[in-house]
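Peer 1: just a sequence and a predicted model for now, questions to come.
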Amino acid sequence: MSASSPPRGLKANAMGLFGDFVAGIATVAPSSSVAFTLALMLSFAGLSSPFAVLVVGVGMLFVAVGYSRLNNWRPNAGAPFVWVGAVLRPWLGFAVGLGAILGMLFANIGNIALAGSYLISVVAPNSHPSSVLVWIVSAVLLAIVVMLAIRGVRPSIRVQMALLVLEYAIVILFVVLALVYEVGGHHAGVRAPSVAMFTPSLSLGGFKGITSAAVPIAFLYLGWESTLVLSEETTNSKVNPGRAAILGLVFLIIWYTLLTVVFQGIASPQNIIAHGTDVLAYAGTILLPGPFERLLPVAVFVAVFGTTQLQLIASSRVVWAMARDKLLPNFLSSLSKHQAPLWAGIILGAIPALALIPYFASTSANAAIGDVISAAGIWYLFMYAVIAFTSVWFYRRSLMRNARFFVGSGLVPVIGGIMMVIALVYGLIKQSPAIAWVGGLTIVVCLIVGAVYAALSKRDYFGQQLMVYDGEEAGEPRNMVR
């Protein structure tokens, strides 16, 4: 390719294993996720919430093993739709790809609204900003996110590293302060960490409470898989993305469990539940009164901004890959001079800004869009289950090769997929009727669109030949599935 030729693909070898790891944990936004879900977890599982966090995290980890095994076979920026479409059916792959895009897009509508609100609360904590001001701040933040995204994944990861250092420095400070407060003092309602928190004994409804809490906790982990769609820009692309997803989830399980243990004991469960999504801000007022109490909201803002950036980067690559494969309009496959998706990133950045106009302007629209945002988690659970089962189906003819292969490529992903199905079913039952209906209809609509598209198309975009790998890692093809 000459110096004047336009870039043909995403920038190869733009980051290594550590960059993949950063992308995975930044997309999840751990600090803000705990802030938004801790009260809900306590309302279901009581002080046994750490036990529920640990169990659901292990289920996600098992799903990540399935993702890793599929990445060993075929690294691709459109990983969800390519894997499912090639291994199972093209129409189902299209549906999964469409749902992945919508899930990340809906999540970003909520993310950017929260980012704008939190930034204003940090700068002017006692103010009551108008909806117009919140929209302007949110739109400016989105413009920054889009600008970073079209400059490529390498500068974006560098920004994420700086944000993570700030976020974790603040949260670790408050973790230490909280432990000192809980262990050293005698404050009403405060509960020091205990082994009993890792049993169902403190759950409000025993195992039923733990199972019900699995729904919001599953939402807590959403986004860890984003590193897999960055595989074409990663060194050792058949190994590093999957390895980073697994390492990232191990870290997140430990981190989420720690934060839940510490912050659920900072006050009585009734007080924490009463503060809802502002629980970390409430903890800040207890642990470090005065101007420094705003440090925890700063950490939450940083986390939300970071996840908005990574969600946009991930979703733009799935759109770009689908356009490259002629599944979406061709102009969406255009790249910036930095070899990053151009129009895909711009459009996916503009949609949340436009969606926030009715969100802020009308109470009824606010509620409707809020239901759509919450329902995105229902789709994620469906996608995780499908891809876990896809991994097992792909390697099915090699499962009996040896015990290690059976466990890593069969048993573990199957268990993870089953756990996601259970969480999905409970999500449809336990969530509000509006969220359950929107989530269920999103799955149905994506499946219908995928089936209709496949019926109208005469091409097989995924090819006829699939290969099963003989080794535990990516290696030489052994035999053909089709």
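Peer 2: Good, I have the coordinates.
Peer 1: residue 308 sits in which helix or strand?
Peer 2: Taking DSSP states H and E as the criterion, residue 308 maps to helix 295-324.
Peer 1: in contact with residue 62, which residues?
Peer 2: Taking CB atoms under 8 Å, 6 or more residues apart in numbering, we find residue 62 in contact with 388, 412, 413, 415, 416, 417, 419. From N, CA and C alone the C-beta is placed, and that goes for glycine too.
Peer 1: got TSV for those, with secondary structure and distance to residue 46 too?
Peer 2: Shown next, in TSV, are the contacts of residue 62 (DSSP: H, G, I helix; E, B strand; the rest coil; distance: CB to CB, whole Å):
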residue	secondary structure	distance to residue 46
388	helix	30
412	helix	30
413	helix	31
415	helix	26
416	helix	26
417	helix	28
419	helix	21
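Peer 1: just curious, which of these is nearest to residue 196?
Peer 2: Nearest to residue 196 among the contacts of residue 62, counting by CB to CB, is residue 419 at 23.7 Å.
Peer 1: got a pLDDT number for the closest one?
Peer 2: The model reports residue 419 with a pLDDT of 92.
Peer 1: and for it, the neighbour number?
Peer 2: Burial of residue 419 is recorded as 23 neighbouring residues (other CB atoms under 10 Å).
Peer 1: check residue 396 too.
Peer 2: So residue 396, with other CB under 10 Å, has 14 neighbours.
Peer 1: list the contacts for the closest residue to it other than its chain neighbours?
Peer 2: Closest residue in space to residue 396, ignoring its immediate chain neighbours: residue 410 at 7.7 Å, by CB to CB, 6 or more residues apart in numbering. Residues in contact with residue 410 (CB under 8 Å, 6+ apart) are 392, 395, 396, 399.
Peer 1: filter those down to the buried ones, ChimeraX style.
Peer 2: Here is the ChimeraX command that selects the buried residues among those (16 or more other CB atoms under 10 Å):
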select :392,395,399
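Peer 1: how long is stretch 222-233 end to end?
Peer 2: One end of stretch 222-233 to the other measures 22 Å (CA to CA, to the nearest Å).
Peer 1: pLDDT on it, on average?
Peer 2: So the average pLDDT for stretch 222-233 ends up being 91.
Peer 1: again, but for stretch 245-255
Peer 2: Model confidence over stretch 245-255, given as mean pLDDT, is 94.
Peer 1: and stretch 94-112, by the same measure?
Peer 2: 88.
Peer 1: ok, now stretch 279-286?
Peer 2: Averaging pLDDT along stretch 279-286 gives 80.
Peer 1: tell me who's in contact with residue 33.
Peer 2: 219, 220, 256, 303 are the contacts of residue 33 under CB under 8 Å, 6+ apart.
Peer 1: at 6 Å what do you get?
Peer 2: Listed by CB atoms under 6 Å, 6 or more residues apart in numbering, the contact partners of residue 33 are residue 220.
Peer 1: quick one: it from residue 167, how far?
Peer 2: Here residue 33 is placed at a distance of 12 Å from residue 167 (CB to CB, to the nearest Å).
Peer 1: likewise for residue 140?
Peer 2: Relative to residue 167, and taking CB to CB, residue 140 is found at 21 Å.
Peer 1: between those two, which one's more packed in?
Peer 2: Neighbour tally, residue 140 and residue 167, criterion other CB under 10 Å: the higher count belongs to residue 167, 24 against 13.
Peer 1: any weak-confidence spans in the stretch 51-200 of the chain?
Peer 2: 185 (pLDDT under 70).
Peer 1: the helices in it, which residues?
Peer 2: Under the criterion DSSP state H, counting those that start in this stretch, the stretch 51-200 of the chain contains helices at 79-87, 90-123, 131-150, 153-184.
Peer 1: find the centremost residue of this protein, please.
Peer 2: Residue closest to the average C-alpha location in the chain (CA atoms, centre = their mean): residue 223, at 1.3 Å.
Peer 1: what sits against that residue?
Peer 2: Contacts for residue 223 (CB under 6 Å, 6+ apart) come out as 27, 28.
Peer 1: quick check: phi and psi at it.
Peer 2: In terms of degrees, to the nearest 10, the main-chain angles of residue 223 are phi 110, psi -10.
Peer 1: distance of it relative to residue 377?
Peer 2: From residue 223 across to residue 377, the span is 10 Å (CB to CB).
Peer 1: would JSON lines of the helices of the stretch 51-200 of the chain with distance to residue 57 be doable?
Peer 2: Output for the helices of the stretch 51-200 of the chain, formatted as JSON lines (distance: least, CB to CB, whole Å):
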{"stretch": "helix 79-87", "distance to residue 57": "21"}
{"stretch": "helix 90-123", "distance to residue 57": "19"}
{"stretch": "helix 131-150", "distance to residue 57": "28"}
{"stretch": "helix 153-184", "distance to residue 57": "18"}
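Peer 1: quick one: which of those is nearest residue 18?
Peer 2: helix 153-184 (8.8 Å).
Peer 1: list the buried ones in that closest one?
Peer 2: Residues of helix 153-184 classed as buried: 153, 156-157, 159-160, 163-164, 167-168, 170-171, 173-175, 177-179, 181-182 (neighbour count, 16+ other CB under 10 Å).
Peer 1: could you do stretch 12-30 as well?
Peer 2: Neighbour counts over stretch 12-30 (16+ other CB under 10 Å) mark 14-15, 17, 19-30 as buried.
Peer 1: then stretch 317-326?
Peer 2: Those would be 317, 318, 319, 320, 321, 322, 323, 324, 325, for stretch 317-326 by 16+ other CB under 10 Å.
Peer 1: so among those residues, where is pLDDT lowest?
Peer 2: The member of the buried residues of stretch 317-326 with the lowest pLDDT is residue 325, at 87.
Peer 1: so how far is residue 163 from that one?
Peer 2: Residue 325 sits at a distance of 33 Å from residue 163 (criterion: CB to CB).
Peer 1: relative to residue 146, how far out is residue 342?
Peer 2: 10 Å.
Peer 1: how about the strands of the protein, start to end?
Peer 2: For the chain, the strands defined by DSSP state E occupy 467-469, 477-480.
Peer 1: mind checking how far stretch 345-358 is from the chain centre?
Peer 2: 19 Å (CA atoms, centre = their mean, to the nearest Å).
Peer 1: send me it as CSV with only the CA atoms.
Peer 2: C-alpha atoms of stretch 345-358 as CSV (Å, rounded to 0.1, in the frame of the first residue of the first chain):
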residue,chain,number,x,y,z
GLY,A,345,-18.3,6.0,15.2
ILE,A,346,-19.8,9.4,14.3
ILE,A,347,-23.3,8.0,13.9
LEU,A,348,-23.2,5.9,17.0
GLY,A,349,-22.0,9.0,18.9
ALA,A,350,-24.8,11.2,17.5
ILE,A,351,-27.7,8.8,18.2
PRO,A,352,-27.4,9.1,22.1
ALA,A,353,-27.2,12.9,21.9
LEU,A,354,-30.4,12.9,19.8
ALA,A,355,-32.1,10.4,22.0
LEU,A,356,-31.4,12.5,25.1
ILE,A,357,-33.6,15.4,23.7
PRO,A,358,-36.9,13.6,24.3
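Peer 1: in that stretch, what's buried?
Peer 2: Under 16+ other CB under 10 Å, the buried positions of stretch 345-358 are 345, 346, 347, 348, 349, 352, 353, 355, 356.
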